Every structure is written in structure tokens, then in C-alpha cells.
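J.: Here's my sequence, what's the structure:
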Amino acid sequence: MTELNSAVALAEAIRNGKASALEAVEASLARSTLAQPRINCFTEIYADEAREQAARIDALPLAERAALALCGVPVGIKDFTPIAGKLTTFGSKVFRDHVAEHDPVIVRRLKAAGAVIVGHTTTPEFAYSGNTQSPLWGITRNPWNTEFSAGGSSGGSGAAVAAGCVMLAEGTDMGGSVRIPASLCGVVGLKPSFGRIPMDILRTQYDTLAHFGPLARCVDDAALFLAVSEGPDDADALSLPALPPAFPVASTPARPRLAVSLDLDTHAISDEVADLFHRLIDDLSRSGAEITWVKTPFSVQSVLDWEDLWAYCFAGDVGHLLEQHRGDLDPNVVALIEAGRKLDAVKLRAIEHRRTALWRAFADVLKGYDALLCPTTCTTAPFADPARRGRDEILPDGRFKSVDMTGHFNLTSSCPVISVPMGLGASGMPAGVQIVGHRHDDRGVLALAKWVEGLRPPAFPSAA
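T.: Numbering: from 1, shown residues only. The predicted structure is shown next:
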């Protein structure tokens, strides 16, 4: 990007006149142009508009730049989140010609803070999958090794940040869609507390699985993104009251009390990820953390409950497209819609009963600890080619085999969760650790994440 290696440092330098927004954008565009044929992380790159916006920022007096927290920082926006006047396809052929009329709250706030939107990043159709490929835009690949997936559904954002195309990118997270690509691409991904950032892009504002969140190259940058984008807005009746700014990040307790679990008593974990996790926990213990291995209330049933809620969302939100557009839709999206249509009100209410009990049991587990730590993904990145990937399944020993273990914390959606890199496994691919906080304790989670980051400094692919 420049010799400045974070959005925080770049914005400060541009505010102070020590760096140029246009130079930062030109560097971003150059990286994006090189990376796009290799990893396919953008649907569109807005080169002319980005240059014009950067030039306007450079023309501002320093006194006016002082109010811009993201002054001149190149960012990406997921192609699930509209940008006024821009093609916004949701990764779907059905919306291949759809131009958004309005900016949602999060885009307005990023623009107002001086961010320069470089492009729309890829997503699977309607953000349905933990891998990013769509009939419209193709496969998004991992910048560490293009044979592998960037994850999803904010895979374009994760890949763009890891490859250095942008320093920050926006994502959405209904089952891990920020945290999964963060883990698989080796960057930071934050799912804030539900309601922390107003959610106004869905057909219902009462979907408690749904969150906006940043993908970033370091914890400070994620905190800065949160500080800019959080706070109540009437567009979202469930948005939370304002808090003191998330940035700068507070210091962590001298001896943090950490509950830890390798598998959430549910998932099959690869040896590679288990080794990374155990080594990190050992280092945290040596650095002063009080570590307690705990039993959690999660189960295969909670995975299945999340899957049913996911199908229910698809049936209700995009099911109307089946009649006229079945042939244009990803077959997996069609299957989700059809599964959701089979759910009845009694079953859905039973899921919410179990979800309530799950939250109360998990809140009890967290008592006495500052946070829970567990891996973000059960493996490093799977193959990018869908034909080479395995499938999710319940193993004979009762464990659930999948790439991720993130959806549990969308069921307990008031808990903020951040994924921070644990390092590279034996395969040379990254994986992340989830830091799960108490209800609405976004600041505490960021503080712990920065402490962990001090033990596992950011690293990026050689081309980035």
C-alpha cells in the first residue's frame, strides 16, 4: 500500500499532510489490478471514482482532514452491501444488472469518515456459503495459495485485505461470514455484538443472526472501523446505544482469566489447527493468562438449529425468486430455500426455545472469565474447487465435521467475537482463534485480541 502498514497509521499521515490519499489509492489500485486475475476478490474496481475522492481529500485543508478518522484509507465493500449508484448483485445472476439507489448506514458512515471505496468484493450468492464462489462471479481464491478457498461469505473482503489490495474491508456475518475468511486468509475479523453496527440491508431488521463487521490487517484497524461505524440509527430499531469510542484499544488485564475449548464439545478439529491452538494457549499461559479448559453447552443440535434458521431466512427472504428464476440460482441456494419451506412454526419456536437455553447456559460458562477462546475454523482452507472439497457431516463418533465452528456465536449473538491469526500451520496456510466476549463487551474483546496479536504479529502472503 505504502510503507505505512495499517489504516490507523495511513489515516494519521494523510490527516497531517505527511502522506497523500491519491498515492495511497494508486498503490491500492495497482495491488488490486495485479491480484484480481489471480484471486478474483472484486466484482468491480472503481478506479476513477477512487482517484477523484482521494484528490478531493488531498485538497482539503489540514483542519478539515482532522475530523476524518479514515482519511484517505482505501476500503472494500462486500457485494452484499449496496453502494448508491453502483452495481450491487448480491453474487446472483438474478441481480446482474441491479444498481443500488441508496447507501446503507454503514456505507454512509465510512464515506463520512473519509474512507475511499476502491471496489465491491465478491460473495457467494446471497452470502449463503462459507466458501466464495457464485454462478455470476466465479471462485475467489486464497492469496496464500490459490489452490485453496478464501472462505466466505465475505471471502472477497478477506482475500483483498490479505493480499494488500485494501487495508480494511466490510463484511457481513450471519454464521461466521466475517470470521471464516479472516481465519483462512490470516487477517483479523470482528463480529461485533448484535446491534452494535446498525443493520439496515435485510428485508427484516429483526434477524438476530445478522451483523456487519470489519476484516482488517491488525486489531487496531478493526477497532477504528468499529468506532466509525457503530452507534444507533433509526433505520435499525435494535441498534445499540453509543459507547465510548472503540479506538484506541484499551489495555488488557494483567492476568486475564480465559476459558478455553479446542472443539466446543462438538467439532472434529484437524491436527494442524489443534497444534496451532495448543501452542497459542501455552504462550498465553506463559505470558500471564489464567487458563481453564471448560465444557461448553454447544452440541451438534445447536449446529443443526443454526442450519434450520439459515434455511428459514432464505425461504422467507429470497424464496419468491424460485418461480421465475430457478435456472439462474445456485443449486445450493435452491436447496436452502426448499429446506426452509419445509419448516413449520412449531419447529421454529422449538429452535428459539433451545437457543434461549443455550444462551443462558453459555452465559453461565463465561462467568468468572474475561472471555472464551477456541479455534475459528476446524481446518485450514479447503480446496477452492467445489469438486475437491469434502462435505459437512456427523461422524460415527458423534462429532460434527465441517470447516468452521462459528455459527454457535450467531445463536448467542449478543456476544462479540473476533478472529485473530494464530500463525501458519504445517501446510503453510493460516488459521485463527476466536475470542468470545461477554454480552456487549466489544471493548474487552478488542483488548484481548490486541494482546494475542502481540504474541502472533500479523503476517501476509509474500505477494502482499
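
J.: counting contacts, what elements does the longest helix along the chain pack onto?
T.: Across the chain, the longest stretch assigned as helix under DSSP state H is helix 345-366. Judged by 3 or more CB pairs under 8 Å, 6 or more residues apart in numbering; DSSP states H and E, helix 345-366 is in contact with helix 300-318, helix 408-411. Yep, even glycine has a C-beta here, placed from its N, CA and C like the rest.

J.: buried sites along that helix?
T.: Within helix 345-366, the residues that count as buried by 16 or more other CB atoms under 10 Å are 351, 355, 358-359, 362, 365-366.

J.: Stretch 335-346 now?
T.: For stretch 335-346, by 16+ other CB under 10 Å, it's 336-337, 339-340, 343.

J.: which residues touch it?
T.: Contact partners of stretch 335-346, identified using CB atoms under 8 Å, 6 or more residues apart in numbering, comprise 128, 308, 310-316, 318-319, 322.

J.: And stretch 82-93, by the same measure?
T.: Outside stretch 82-93, the residues within contact range by CB under 8 Å, 6+ apart are 43-44, 46, 77, 79-81, 95-104, 107, 117, 120, 122-127, 134-137, 201, 325, 328-330.

J.: how close does the residue nearest the centre of the chain sit to Thr140?
T.: In the chain, the residue lying closest to the centroid (CA atoms, centre = their mean) is Val178, at 1.4 Å. Noted for Val178: a distance of 15 Å to Thr140, by CB to CB, to the nearest Å.

J.: One more: Ala311?
T.: 24 Å.

J.: Kindly report the same for Asp234.
T.: Taken as CB to CB, the span from Asp234 to Thr140 is 35 Å.

J.: Show me which of the two is the more surrounded one.
T.: In this view Asp234 and Thr140 are compared by other CB atoms under 10 Å, and Thr140 has more residues nearby, 32 against 9.

J.: so what's the residue nearest to that one when sequence neighbours are not counted up against?
T.: Once flanking residues are discounted, Thr140 sits nearest to Thr132: 4.0 Å by CB to CB, 6 or more residues apart in numbering. By CB under 8 Å, 6+ apart, the residues touching Thr132 are 122-124, 139-140, 149-156, 159, 181.

J.: which ones are touching the residue lying farthest from the centre of the chain?
T.: For the chain, the residue at maximal distance from the C-alpha centroid (CA atoms, centre = their mean) is Pro61, at 34.5 Å. By CB under 8 Å, 6+ apart, no residues touch Pro61.

J.: Over to Asp221?
T.: 6-8, 167-168, 188, 214.

J.: now do 10 Å
T.: 5-11, 70, 73, 161, 167-168, 187-188, 214-215, 247, 458 (CB atoms under 10 Å, 6 or more residues apart in numbering).

J.: Filter those residues down to the buried ones, ChimeraX style.
T.: A single ChimeraX command is used to select the members of those judged buried by 16+ other CB under 10 Å:
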select :5,6,7,8,9,10,11,70,73,161,167,168,187,188,214,215,247,458
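
J.: In helices only, show me the contacts of Asp221.
T.: Using DSSP H, the contacts of Asp221 in helices are 7-11, 161.

J.: want to throw those into TSV with distance to Ala113?
T.: Conversion of the ones in helices among the contacts of Asp221 to TSV gives the following (distance: CB to CB, whole Å):
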residue	distance to Ala113
Ala7	11
Val8	12
Ala9	16
Leu10	13
Ala11	9
Val161	18
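
J.: Distance-wise, check the residue lying closest to Pro181 once chain neighbours are set aside relative to Glu170.
T.: Excluding its sequence neighbours, the residue lying closest to Pro181 (CB to CB, 6+ apart) is Gly158, at 2.8 Å. Distance, Gly158 to Glu170, by CB to CB: 11 Å.

J.: Tell me which of these two has more neighbours.
T.: Higher neighbour count among Gly158 and Glu170: Gly158, with 38 against 28, using other CB under 10 Å.

J.: in what helix or strand does the more buried one lie?
T.: Gly158 belongs to helix 155-162 when assigned by DSSP states H and E.

J.: Going by neighbour count, which residues of that helix are buried?
T.: Under 16+ other CB under 10 Å, the buried positions of helix 155-162 are 155-162.

J.: what's the answer for stretch 423-443, then?
T.: For stretch 423-443, burial by neighbour count (16+ other CB under 10 Å) applies to 423-425, 429-438, 440-443.

J.: you'd agree Ser32 is up against Gly76?
T.: Yes. At 8.8 Å, Ser32 and Gly76 qualify as touching, with contact defined as CB atoms under 10 Å.

J.: Pull up the overlap in contacts between these two.
T.: 41-42, 45, 118-119, 160, 165-166.

J.: Filter those residues down to the ones in strands?
T.: Counted as lying in strands by DSSP state E, out of the shared contacts of Ser32 and Gly76, are 42, 45, 118-119.

J.: Which entries within the contacts of stretch 82-93 meet the buried criterion?
T.: Buried among these by 16+ other CB under 10 Å: 43-44, 46, 77, 79-81, 95, 100, 103-104, 107, 117, 120, 122-127, 134-137, 201, 328-330.

J.: Which members of those residues occur in strands, if any?
T.: Using DSSP E, the buried ones among the contacts of stretch 82-93 in strands are 43-44, 77, 117, 120, 134.

J.: Output those residues as JSON lines; include the columns pLDDT and distance to Leu372.
T.: Formatted as JSON lines, these follow (pLDDT from 0 to 100; distance: CB to CB, whole Å):
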{"residue": "Thr43", "pLDDT": "99", "distance to Leu372": "36"}
{"residue": "Glu44", "pLDDT": "99", "distance to Leu372": "39"}
{"residue": "Ile77", "pLDDT": "99", "distance to Leu372": "31"}
{"residue": "Ile117", "pLDDT": "99", "distance to Leu372": "35"}
{"residue": "His120", "pLDDT": "99", "distance to Leu372": "34"}
{"residue": "Ser134", "pLDDT": "97", "distance to Leu372": "33"}
